[in-house]
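Asker: Structure for the following, please:
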Amino acid sequence: MPRKRLRALAYGVGFFAFGTVLLYTGFVDLYNSTQIALDGSSAEGRVVSVDKVQHTQYSDDYFLIIRFKDGSGTNREFKNRHPHNFLFFPKVGETVSVRYLPNDPQIAMLATVWQSVLGPLVSFLIGVLLCWLGYEELFPESVKRNKNV
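Answerer: Numbers count the residues shown, from 1 in each chain. Here you go, the predicted structure:
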């Protein structure tokens, strides 16, 4: 196999694999946020800690750990699925709005437009784009044939 084809194969598999992961996580987040929007309840939560994860050598991601009381008065805690930038995330002790499913309070999220709609949608769309790029790298003949039709 020529070197160029091996490189295209590696890029194609990488794009396709990463795109599939983003498609899956975006779909799950969109599904959960839709469930929460339709059947969810609101609560006030408090940021109890921040989980710092080094993303690269030069940047870190911050995941909020949020505690809230559900409708029955039980304390619940969840780790926010979407990272925050250090400058824009709520600080420990701050109050935040939370939406959760009453029948499964572990499915919860911050009640912001980014958390409920834009973040999952962007993740899903980037997943679609990466899968398409992977497909183009893996099957260039098929893509060229379809463009000529």
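Asker: The residue lying closest to residue 45 once chain neighbours are set aside: which element?
Answerer: In this structure, residue 45 finds its nearest non-sequential neighbour in residue 68, 3.5 Å apart by C-beta to C-beta, 6 or more residues apart in numbering. Any C-beta I mention is one placed from the backbone N, CA and C, and that applies to glycine too. Taking DSSP states H and E as the definition, residue 68 sits inside strand 60-69.
Asker: Mind checking the pLDDT average for that strand?
Answerer: Averaging pLDDT along strand 60-69 yields 86.
Asker: hey, what's residue 60 bridged with?
Answerer: Bridge pairing for residue 60 (DSSP bridges) gives the partners residue 54.
Asker: From residue 13, how far off is it?
Answerer: Distance, residue 60 to residue 13, using C-beta to C-beta, to the nearest Å: 29 Å.
Asker: can you tell me the average pLDDT over the longest helix along the chain?
Answerer: When the chain is parsed with DSSP state H, its longest helix is helix 3-39. Mean pLDDT, helix 3-39: 85.
Asker: From the chain's centroid, how far away is that helix?
Answerer: Relative to its parent chain, helix 3-39 has a centroid offset of 10 Å by C-alpha atoms, centre = their mean, to the nearest Å.
Asker: Counting by contacts, list what it packs against.
Answerer: In terms of contacts (3 or more C-beta pairs under 8 Å, 6 or more residues apart in numbering; DSSP states H and E), helix 3-39 is packed against strand 95-101, strand 104-110, helix 119-138.
Asker: who's in contact with the nearest residue to residue 70 once chain neighbours are set aside?
Answerer: Nearest residue to residue 70, sequence neighbours excluded (C-beta to C-beta, 6+ apart): residue 105, at 4.5 Å. Residues near residue 105 by C-beta atoms under 8 Å, 6 or more residues apart in numbering: 70, 74, 76.
Asker: CSV for those, including neighbour count and distance to residue 30?
Answerer: Shown next, in CSV, are the contacts of residue 105 (neighbours: other C-beta atoms under 10 Å; distance: C-beta to C-beta, whole Å):
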residue, neighbour count, distance to residue 30
70, 17, 23
74, 9, 27
76, 17, 22
